[in-house]
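> Below are the sequence and a predicted model for it; my questions follow.
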Amino acid sequence: MSPIRVLVADDHTIVRQGLVSLLMAGGDCRIIAEASDGQEAVDRALELVPDVVVMDLSMPRLSGLEAVRRIHKESPRIRILVLTMHKEEEFVLPVVRAGASGYLVKDTAASELLNAVRKLARGEVCFDPHAAKALAEVYRSPKPGEEGLGSLTPREREVLHLVTEGHSTKEIASLLDISPKTAENHRTRVMQKLGVHNTAELVRYAAQRGLLF
């Protein structure tokens, strides 16, 4: 049987190296790449097309959530397992909607992580009990704003990301090479779709859903 080709993305070197060692010890995984930020994870995943990406959520340059979204959009055959410290339900649904096939917290036993990678490689899904419960609760009682997050365009998600990094409208316009008026229009539409009324609420919304790093 061919080994499972895995990409490990985590910005903490010690954690990433520990995951690599653990997965290699399982005997049926081959680590084909490592990434220390979200953008590198996207670039390496699209270049090498691993069977499974093990992805942290809180990473620099590009959040793990946005990295999941971009990888899934460009190469949906790549299976993505999110491995994070966050147990709260606010983090789970956006990740699933972005295209992840699994969600585990970092206090998961080594055997469960290996089992999850194997499940994803077989085309199955794997969610730990916290994530499974959160998904069930959210789908039973969707919260205001959850639908809005999924309706953001790629450009609006970029603007959201830059706003949460503390950039002004003028700075966002410069970074995205658009006019300040266009940047302001994007910002306004983001807030309308998410049901928030100012930057503080927008940052709070992003923090509650794991969109910050």
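Thanks, I have it. As the structure is a prediction and not an experimental result, all values here were calculated from the model. Numbers count the residues shown, from 1 in each chain.
> Centre-most residue in this protein?
Leu65 (2.0 Å; C-alpha atoms, centre = their mean).
> what about that one, which SS state?
Assigned with DSSP: H, G, I helix; E, B strand; the rest coil, Leu65 falls in the helix class.
> Give me the distance between it and His72.
Distance, Leu65 to His72, by C-beta to C-beta, to the nearest Å: 11 Å. In this view, the C-beta of every residue, glycine as well, is placed from N, C-alpha and C.
> picking up where we left off before, does the residue nearest to the centre of the chain really touch Val95, like I thought?
Yes - in terms of C-beta atoms under 8 Å, Leu65 counts as a neighbour of Val95; the distance is 6.1 Å.
> re the thing from before, can you work out which residues contact both of Leu65 and His72?
Ala98 (C-beta atoms under 8 Å, 6 or more residues apart in numbering).
> quick one: pLDDT of the residue nearest to the centre of the chain?
According to the prediction, Leu65 has pLDDT 89.
> Also Met24?
Here the pLDDT value assigned to Met24 is 93.
> and it, helix, strand or coil?
Reduced to three states by three-state DSSP, Met24 is helix.
> now the one 10 residues further on
State at Glu34, reduced to three classes by three-state DSSP: strand.
> give me phi/psi at the closest residue to it other than its chain neighbours?
The shortest distance from Glu34 to any non-neighbouring residue, by C-beta to C-beta, 6 or more residues apart in numbering, is to Val8 (5.2 Å). When quoted as degrees, to the nearest 10, the phi and psi of Val8 stand at phi -110, psi 120.
> returning to that earlier point: separation between the residue nearest to the centre of the chain and Asp10?
With distances taken as C-beta to C-beta, Leu65 is found 14 Å from Asp10.
> my guess is Lys193 is in a helix, correct?
Yes - with three-state DSSP as the criterion, Lys193 is part of a helix.
> can you pull the pLDDT of it?
pLDDT, Lys193: 86.
> and what of Arg140?
At Arg140, pLDDT is 60.
> can you give me how far stretch 72-91 is from the chain middle?
Put simply, stretch 72-91 sits 5 Å off its chain's centre (C-alpha atoms, centre = their mean, to the nearest Å).
> residues touching Ala35, list them.
With contact set as C-beta under 8 Å, 6+ apart, Ala35 has these partners: Leu7, Val8, Ala9, Asp10, Ala41, Asp43, Arg44, Ala45.
> which strand residues sit across from it in the sheet?
Per DSSP bridges, the residues bridged to Ala35 are Ala9.
> Kindly state the pLDDT recorded for it?
pLDDT recorded at Ala35 is 96.
> Okay, it and Lys106: tell me how far apart.
From Ala35 to Lys106 the distance is 17 Å (C-beta to C-beta).
> try Val8
13 Å.
> do Cys29 as well
From Cys29 to Lys106 the distance is 18 Å (C-beta to C-beta).
> SS state for Val159?
On the basis of three-state DSSP, Val159 is classed as helix.
> Looking at it now. What's its pLDDT?
So, for Val159, pLDDT stands at 86.
> Help me confirm that it comes into contact with Ile172.
Yes - the pair formed by Val159 and Ile172 meets the contact definition of C-beta under 8 Å, at 6.0 Å.
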